[in-house]
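**Student:** Take this sequence and fold it.
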Amino acid sequence: MTHRFNRLVALRYRDFRLLWLGETVSWTGSQMRNFAINWHVFELLRGQTFIFTAFGNDIVMGSEAFGLGMLGLARVIPVMLFALLGGLLADAFERRLVMVATQCLSALLVAILALLTLNGQVSVGAIYVVTGLAAAAMAFDFPARQSIVANVVEARHLSNAISLNALVMQVATIIGPAVAGLLVAQFDVGLVYGINTVTFLFSAVAIWRIRHRGKSSGAAQVGWRTLLAGLRFTFSTRIVLGTMLLDFFATLFASARTMLPIVAGQILGVGAAGYGLLATAQPIGALLVGTVLSLRGEMKRQGRILLLSVALYGLATAIFGISTVFALSFVLFALTGAGDTLSSIIRGTIRQLATPDELRGQMTSANMLFFMTGPQLGELRAGILASLFGAPFAIFSGGLATVLMTGWVAWRYPSIGRYNNAKDLKRKRA
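**Tutor:** Got it, this is the predicted structure:
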């Protein structure tokens with residue numbers, strides 16, 4: 001029994017426990033907010049149509065589907081603008097203070113949205129603005145948050161810390177939508193935004209109490225040369241670039257979460273409560289896999305497992321898109337969570353071990369462009385296709401494309417398939 005709990009060794013570090021606790025609370029609140037925003041936009045635009053002219057013809061699109069897809073655009077543009085700068089700041093300044101500032105800013109933004117909603121003055125445009133500004137704050141928060149993990153645990157426990165961080169997201173994604181679904185069904189959606197405000201403040205206090213005060217080893221200077229050095233490393237290290245592309249293509253084509261209100265409300269006919277339950281399927285599958293990985297020893301043939309897990313993610317998404325049975329849809333959506341989490345833990349471990357500490361913030365910010373722009377552009381793609389051809393086609397075609405692109409990445413970057421464990425990277429450096 002003691003041996004198994006040693007797999008949770010990263011939690012023995014006080015600073016990591018505070019970081020982990022703050023992230024759990026903050027991410028739970030953010031998942032509640034994302035659920036509420038998706039449903040809020042869906043409700044505000046329900047039954048409306050959007051007409052535009054192309055090549056002399058009027059094209060009619062469902063406003064709710066297009067509006068949900070536009071949320072992806074509101075989230076992705078700030079990331080594209082600020083992610084690289086966020087990486088520079090994470091390597092140049094104290095990562096703890098960067099995170100405290102972003103959590104406080106996020107709390108202020110969501111508090112404004114809560115007040116507008118509770119006073120009956122909210123609009124779809126206001127939701128887009130707050131969503132975009134919150135995404136900008138995340139662009140500065142995420143590189144510092146990911147990079148500081150290597151500063152608060154020993155290198156030999158880094159893999160365990162990454163696994164536990166993956167569990168944070170999955171636990172929060174289970175609890176957040178489930179609780180938000182119940183609250184939205186019974187109370188004003190503004191209450192969810194208010195709760196998220198409190199969770200951000202709680203996270204800021206937890207991070208403030210972290211004892212680590214240092215910058216990254218070999219702290220970077222903010223400037224073009226430093227930025228270019230980080231980009232050169234990222235794009236010249238094939239196994240790092242290959243894992244980023246794998247993540248990007250999978251989330252670009254197979255991201256179905258934004259379409260869940262349509263799947264639940266129009267295809268499966270289960271309403272807001274059913275939407276909340278269906279939204280928990282993906283994180284439940286992810287949580288089961290993440291728990292197993294946190295408690296077991298090192299995997300063998302990690303590269304092959306990585307490729308197979310992404311293929312599973314795409315295949316399950318494709319079948320999910322054409323399912324009309326709630327139980328089957330729930331299982332398939334859970335499989336997408338299992339495949340995604342298995343692949344993300346392996347990808348994250350590979351990249352962290354392959355990157356020097358003084359470049360981790362910049363590598364993470366470059367990766368952020370891939371893994372955050374992918375799903376947000378994917379939501380926009382799905383929204384447009386769903387408006388024109390229906391949600392089932394949008395989801396099915398995306399899943400199928402993911403399977404095909406996984407095969408291309410495996411062929412183009414054979415080092416991924418050959419990767420076994422951290423020893424491979426050590427031998428390559430030697």
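
**Student:** Which single helix of the chain contains the most residues?
**Tutor:** Scanning the chain for the longest helix, with DSSP state H as the assignment, gives helix 14-45.

**Student:** Show me what that helix is packed up against.
**Tutor:** helix 63-92, helix 95-118, helix 124-152, helix 158-186, helix 190-208, helix 260-262, helix 271-295 (3 or more C-beta pairs under 8 Å, 6 or more residues apart in numbering; DSSP states H and E). The way it works is simple: take the backbone N, C-alpha and C, and place the C-beta from them, glycine included.

**Student:** List the buried residues in it.
**Tutor:** Applying a neighbour-count criterion of 16 or more other C-beta atoms under 10 Å, one finds 15-42, 45 buried in helix 14-45.

**Student:** picking that back up, would you reformat the helices and strands packed on helix 14-45 as CSV and include mean neighbour count, mean pLDDT and distance to residue 323?
**Tutor:** Shown next, in CSV, are the helices and strands packed on helix 14-45 (neighbours: other C-beta atoms under 10 Å; pLDDT from 0 to 100; distance: least, C-beta to C-beta, whole Å):
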stretch, mean neighbour count, mean pLDDT, distance to residue 323
helix 63-92, 22, 76, 18
helix 95-118, 21, 91, 33
helix 124-152, 22, 85, 29
helix 158-186, 22, 79, 19
helix 190-208, 22, 92, 28
helix 260-262, 25, 80, 13
helix 271-295, 21, 79, 11
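
**Student:** could those go into JSON lines alongside distance to residue 9?
**Tutor:** Shown next, in JSON lines, are the helices and strands packed on helix 14-45 (distance: least, C-beta to C-beta, whole Å):
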{"stretch": "helix 63-92", "distance to residue 9": "25"}
{"stretch": "helix 95-118", "distance to residue 9": "22"}
{"stretch": "helix 124-152", "distance to residue 9": "13"}
{"stretch": "helix 158-186", "distance to residue 9": "6"}
{"stretch": "helix 190-208", "distance to residue 9": "20"}
{"stretch": "helix 260-262", "distance to residue 9": "36"}
{"stretch": "helix 271-295", "distance to residue 9": "10"}
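
**Student:** Of these, which is nearest residue 375?
**Tutor:** Across those, residue 375 has its closest neighbour in helix 63-92 (7.3 Å, C-beta to C-beta).

**Student:** just how off-centre is that closest one within its chain?
**Tutor:** 12 Å (C-alpha atoms, centre = their mean, to the nearest Å).

**Student:** Check the gap between residue 12 and residue 81 for me.
**Tutor:** 39 Å (C-beta to C-beta, to the nearest Å).

**Student:** Next: residue 385.
**Tutor:** 26 Å.

**Student:** And for residue 186?
**Tutor:** In terms of C-beta to C-beta, residue 186 sits 38 Å off from residue 81.

**Student:** repeat for residue 380
**Tutor:** On the measure of C-beta to C-beta, residue 380 and residue 81 end up 16 Å apart.

**Student:** Low-confidence ranges, the stretch 301-430 of the chain, go.
**Tutor:** For the stretch 301-430 of the chain, residues meeting the criterion pLDDT under 70 lie at 357-358, 372-373, 376, 421-430.

**Student:** Which stretches in it count as strands?
**Tutor:** Read by DSSP state E, counting those that start in this stretch, the stretch 301-430 of the chain holds no strands at all.

**Student:** quick one, helices of it?
**Tutor:** 302-322, 326-354, 360-389, 391-412, 414-418, 422-429 (DSSP state H, counting those that start in this stretch).

**Student:** Redo those helices as a markdown table? Include distance to residue 85 and mean neighbour count.
**Tutor:** Compiled in a markdown table, the helices of the stretch 301-430 of the chain are given as follows (distance: least, C-beta to C-beta, whole Å; neighbours: other C-beta atoms under 10 Å):
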| stretch | distance to residue 85 | mean neighbour count |
| --- | --- | --- |
| helix 302-322 | 29 | 22 |
| helix 326-354 | 20 | 22 |
| helix 360-389 | 8 | 23 |
| helix 391-412 | 28 | 19 |
| helix 414-418 | 29 | 16 |
| helix 422-429 | 28 | 12 |
